[in-house]
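1. One predicted model, sequence on top.
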Amino acid sequence: MPGKNEALIRDTVVFVRGVNDRQDLLVRPYFEEYSSNMSGVIRAAAADVQFDLHRPNSLVRFSESRLVVHNYLGTSWLETLALDIPTVCFYDPSIYTFREDPGRLIKTLEQVGIIHRSGADAARFVNDIWKDPEEWWNSMVVQQARRVFVERYAYFSRDWKRDWEAEFKELAMD
């Protein structure tokens, strides 16, 4: 079995190659590639891909995007979901396991097209919605799935100190 990084790189290359309109595709590699050389591998596989050199910061770049695609289930994926930015994520199901409750919600996100189990599936989906990702994203079924997941696992609060204090008090009472 290949290492996690190798599988991630391979699936990312499959995604990039599978996207029909790479003219508007901007790849933002992880800020520290360690020894993976993901950028080099992607460049070799699809020389026409543009790379984002981390300017501006990710939240600004996300807000400027018609669609954001993530290649793993991490913080940035949760941020774009919570910020209601059209989001697609593909991941390697052999790396992630989910408890029952998040597993049900992940399955719902898969059913509406937010999550995909491979780069190939994500690329096919992106190609299908590319002309108008907002239409897909703003559909009632996608927004309902997103809201339910975000409320449970990616909740942002302007009054986070009060919310945390209330949560700790409640936990202390148990």
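-> Done, it's in. Numbers count the residues shown, from 1 in each chain.

2. Only C-alpha atoms from now on, for both contacts and neighbour counts.
-> OK.

3. residue boundaries of the helices in the chain?
-> 4-18, 38-45, 58-64, 75-82, 100-111, 119-129, 133-137, 140-153, 160-173 (DSSP state H).

4. in this protein, which ranges drop under the pLDDT threshold?
-> Scanning the chain for pLDDT under 70 picks out 1-4, 29-37, 54, 101, 174.

5. again, only using 50
-> Within the chain, the ranges that satisfy pLDDT under 50 run 1-2, 34.

6. Of the helices of the chain, which is nearest V88?
-> helix 119-129 (7.2 Å; C-alpha to C-alpha).

7. okay, the angle between the closest one and helix 4-18?
-> Relative orientation of helix 119-129 and helix 4-18, computed by axes from the mean of the first three to the mean of the last three C-alpha atoms, to 10 degrees: 30 degrees.

8. re the thing from before, tell me which of the helices of the chain sits nearest to D92.
-> Taking those one by one with C-alpha to C-alpha, helix 4-18 is closest: 7.3 Å.

9. Just list what that closest one packs against, helices and strands only.
-> Identification of packing neighbours for helix 4-18 by 3 or more C-alpha pairs under 8 Å, 6 or more residues apart in numbering; DSSP states H and E yields helix 38-45, helix 119-129.

10. name the helices or strands packed onto the first one?
-> For helix 38-45, the helices and strands in contact under the criterion 3+ C-alpha pairs under 8 Å, 6+ apart are helix 4-18.

11. And the contacts of stretch 115-123?
-> With contact meaning C-alpha atoms under 8 Å, 6 or more residues apart in numbering, stretch 115-123 is reached by 11-16, 18-19, 71, 88-93, 106, 109-110.

12. So which bits of it are buried?
-> 115-123 (16 or more other C-alpha atoms under 10 Å).

13. How about stretch 123-135?
-> 123, 125-126, 130, 133.

14. ok, now stretch 102-115?
-> Within stretch 102-115, the residues scored as buried using 16+ other C-alpha under 10 Å are 105-106, 108-110, 112-115.
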